[in-house]
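1. Quick one: sequence and predicted model below, then my questions.
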Amino acid sequence: METSKANLRLLDFQDLKEVHEKRIPHSISMPLDELEKRIRELDRDKEMAVHCLSGLHSYKACLKLKHADFDKIKNVDGGLLGWIYDTEAGEKKE
């Protein structure tokens with residue numbers, strides 16, 4: 001998915017306890033069990049990268065969003081743990 005920062009929303013589907021421990025800066029916290037009641041907060045015209053801690057909650061969130069006709073979504077493979085690993089690996093390569 002190619003997009004600009006201005007058009008991208010980063011959705012964090014971690015549980016609240018997990019969000020307080022680790023979080024990607026500028027992500028929007030929305031625990032999976034709140035998705036159905038908060039779905040109107042989301043803009044179908046914006047592209048969304050969806051993540052959680054390991055990928056399971058974000059996978060389920062993507063399925064629910066697709067079912068609700070959101071088509072500009074991408075699950076972040078490996079979740080926050082994968083993002084941290086990729087970030088740290090990139091720093092070690094330099």
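-> Structure's in. What do you need?
2. Low-confidence stretches in this structure?
-> Across the chain, residues meeting the criterion (pLDDT under 70) sit at 1-5, 84-94.
3. need the strands for it, in chain order.
-> 8-12, 28-29, 47-51, 73-75 (DSSP state E).
4. Residue 64 contacts residue 35, correct?
-> Yes: between residue 64 and residue 35 a contact is recorded at 5.8 Å, counting by Cβ atoms under 8 Å. C-beta: built from backbone N, CA, C; applies to glycine.
5. picking up where we left off before, winner for burial among the strands of the chain?
-> strand 47-51 (a mean of 22; mean count of other Cβ atoms under 10 Å).
6. What are the buried residues along stretch 61-80?
-> Of the residues in stretch 61-80, 61, 62, 65, 70, 72, 73, 75, 76, 78, 79, 80 count as buried by neighbour count, 16 or more other Cβ atoms under 10 Å.
7. First-to-last residue distance for it?
-> This stretch, stretch 61-80, spans 15 Å end to end (Cα to Cα, to the nearest Å).
8. and residue 14, what does it touch?
-> 22, 23, 29, 31, 51, 52, 53, 57, 80 (Cβ atoms under 8 Å, 6 or more residues apart in numbering).
9. Would you check how far apart it and residue 57 are?
-> 7 Å (Cβ to Cβ, to the nearest Å).
10. for residue 33, same thing?
-> Distance of residue 33 to residue 57, given as Cβ to Cβ: 9 Å.
11. okay, the two: which has more neighbours?
-> residue 57 (22 against 10; other Cβ atoms under 10 Å).
12. Alright, that wraps it up for me.
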